[in-house]
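A.B. asks: heads up, no residue letters with this:
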Ligand SMILES: Cc1cc2nc3c(=O)[nH]c(=O)nc-3n(C[C@H](O)[C@H](O)[C@H](O)COP(=O)(O)O)c2cc1C
């Protein structure tokens, strides 16, 4: 399947494994890249030098295939992370919220492909003007921070508004989704929840089991993390949780554990706090939310925690390898396209 995305990246399949904090590590990325997709590494929780080691590990295992790094502009020590990404000649940079190069006042290297994630046509147009090579557009169905617009609406809207190729995210887990995305004008799909539930994903098995049992309506939109809407599955004891004020005494401990989770110093934490405040995020919410996320992804404790997941979690019933995910998605899509081929319903 050739599209402008496969040609631009030099990959055989129009499939992206997205960056997911504490989930998409070098092992998951290598498995996705070696299966013919684009894997994106998340540096969440890594120091600058640990990110460098993860990048080198990927380079040593993918034999020249492209890969990406997802960088949140809110990460403490943004500038140093960008320096590592440039020094290590990472082929693709993905980010949300804002352009990290602009924020850090740094030049983007010519040969680095900047492919941000956006949630509407306005953000896509602005990214195109800032030199994006393509955009990942995430619709309402998607896991993690999410757009307010359904994928079926936002994709054609963005495709009409920009010239760069569009990668569709939010609600995709199989070949039917890939065909639908192509029909909407996208040139690849990006999947988060599907790859988080792959064999190579480092998630504790208790969380994987929980997700396999979840229905699509269990993935609800909540402002639980940082005050911005995010699609998550809530743990059993979280149904009544409405925000940090539910348990304000935990805040100082959660601040310290967030600082530990990012392995960072107080100054860098304060820069992150300032940036999040400029976006209107709730800082106490961010601190308690980070700790709840860490509890599920690292410890497998789901009682007083939450896990980001898209509505497609209700369609996912197994834990295949990344290679199986990519192969069967492409095979199913090709089969549907062949069957549909030129036939009109009678
Ligand atoms: C467990 C999980 C963690 C995520 N973490 C991040 C993150 O750290 N940075 C980011 O830009 N997006 C993050 N996302 C969003 C994904 O990158 C992706 O855009 C989304 O999962 C696509 O929707 P889908 O889940 O329906 O495939 C996360 C999603 C999940 C499911």
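C.D. replies: Yes, it's here. Everything quoted here is computed from the prediction, not taken from an experiment. Numbers count the residues shown, from 1 in each chain.
A.B. asks: and stretch 157-177, what's buried?
C.D. replies: In terms of neighbour count (16 or more other Cβ atoms under 10 Å), stretch 157-177 has its buried residues at 157-159, 162, 164-175, 177. Any C-beta I mention is one placed from the backbone N, CA and C, and that applies to glycine too.
A.B. asks: filter those residues down to the ones near the ligand?
C.D. replies: Filtering those for proximity to the ligand by Cβ under 6 Å from any ligand atom leaves 169-172.
A.B. asks: which of the residues you listed fall within strands?
C.D. replies: residue 169 (DSSP state E).
A.B. asks: and the ones next to the ligand among the buried residues of stretch 157-177, which two are furthest apart?
C.D. replies: Largest separation among those by Cβ to Cβ: 169 and 171, giving 8.2 Å.
A.B. asks: about what we covered before: make a markdown table from the ones next to the ligand among the buried residues of stretch 157-177 and add pLDDT to it.
C.D. replies: Below are these laid out as a markdown table (pLDDT from 0 to 100):
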| residue | pLDDT |
| --- | --- |
| 169 | 97 |
| 170 | 96 |
| 171 | 96 |
| 172 | 98 |
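A.B. asks: show me what counts as buried in whichever strand or helix holds residue 327.
C.D. replies: Here residue 327 sits within helix 322-340, counting by DSSP states H and E. Under the neighbour-count criterion of 16+ other Cβ under 10 Å, helix 322-340 has 322-323, 325-326, 329-330, 332-333 buried.
A.B. asks: dump the residue contacts of the residue of the stretch 101-250 of the chain found nearest the ligand.
C.D. replies: Using Cβ to the nearest ligand atom, residue 192 is the residue of the stretch 101-250 of the chain that sits closest to the ligand, at 2.0 Å. Neighbouring residues of residue 192 by Cβ atoms under 8 Å, 6 or more residues apart in numbering: 17-18, 20, 142-144, 169, 308, 310.
A.B. asks: let's go with 10 Å and repeat that
C.D. replies: 16-20, 23-24, 40, 138, 142-144, 169-170, 172-173, 231, 308-310, 312 (Cβ atoms under 10 Å, 6 or more residues apart in numbering).
A.B. asks: which ones among these are found in strands?
C.D. replies: Reading strands off the contacts of residue 192 with DSSP E, I get 16-17, 40, 138, 144, 169, 231, 308.
A.B. asks: and the buried residues of helix 322-340 as JSON lines, adding pLDDT and distance to the ligand?
C.D. replies: Converted to JSON lines, these look like this (pLDDT from 0 to 100; distance: Cβ to the nearest ligand atom, whole Å):
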{"residue": "322", "pLDDT": "98", "distance to the ligand": "14"}
{"residue": "323", "pLDDT": "98", "distance to the ligand": "18"}
{"residue": "325", "pLDDT": "98", "distance to the ligand": "11"}
{"residue": "326", "pLDDT": "98", "distance to the ligand": "14"}
{"residue": "329", "pLDDT": "98", "distance to the ligand": "12"}
{"residue": "330", "pLDDT": "97", "distance to the ligand": "17"}
{"residue": "332", "pLDDT": "97", "distance to the ligand": "16"}
{"residue": "333", "pLDDT": "96", "distance to the ligand": "16"}
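A.B. asks: and these as JSON lines, adding distance to residue 131?
C.D. replies: Shown next, in JSON lines, are these (distance: Cβ to Cβ, whole Å):
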{"residue": "322", "distance to residue 131": "30"}
{"residue": "323", "distance to residue 131": "33"}
{"residue": "325", "distance to residue 131": "31"}
{"residue": "326", "distance to residue 131": "29"}
{"residue": "329", "distance to residue 131": "30"}
{"residue": "330", "distance to residue 131": "30"}
{"residue": "332", "distance to residue 131": "35"}
{"residue": "333", "distance to residue 131": "31"}
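A.B. asks: between the residues you listed, which is nearest residue 266?
C.D. replies: Nearest member of the buried residues of helix 322-340 to residue 266, counting by Cβ to Cβ, is residue 322, at 38.1 Å.
A.B. asks: quick one, phi psi at residue 92?
C.D. replies: phi -130, psi 130 (degrees, to the nearest 10).
A.B. asks: who's in contact with it?
C.D. replies: Counting by Cβ under 10 Å, 6+ apart, residue 92 touches 8-9, 16, 38-41, 66-70, 85, 112-115, 133-134.
A.B. asks: read off the pLDDT value for the nearest residue to residue 95 once chain neighbours are set aside.
C.D. replies: Spatially, and ignoring its direct neighbours in sequence, residue 95 is nearest to residue 71 (4.9 Å; Cβ to Cβ, 6 or more residues apart in numbering). Model confidence at residue 71, given as pLDDT, is 94.
A.B. asks: that older thread, for the helix holding residue 327, packing partners?
C.D. replies: strand 15-17, helix 26-34, helix 175-184, strand 188-191, helix 193-196 (3 or more Cβ pairs under 10 Å, 6 or more residues apart in numbering; DSSP states H and E).
A.B. asks: now render these as JSON lines, adding distance to residue 1 and mean pLDDT.
C.D. replies: What follows is those, written out as JSON lines (distance: least, Cβ to Cβ, whole Å; pLDDT from 0 to 100):
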{"stretch": "strand 15-17", "distance to residue 1": "9", "mean pLDDT": "98"}
{"stretch": "helix 26-34", "distance to residue 1": "16", "mean pLDDT": "98"}
{"stretch": "helix 175-184", "distance to residue 1": "8", "mean pLDDT": "97"}
{"stretch": "strand 188-191", "distance to residue 1": "9", "mean pLDDT": "98"}
{"stretch": "helix 193-196", "distance to residue 1": "17", "mean pLDDT": "98"}
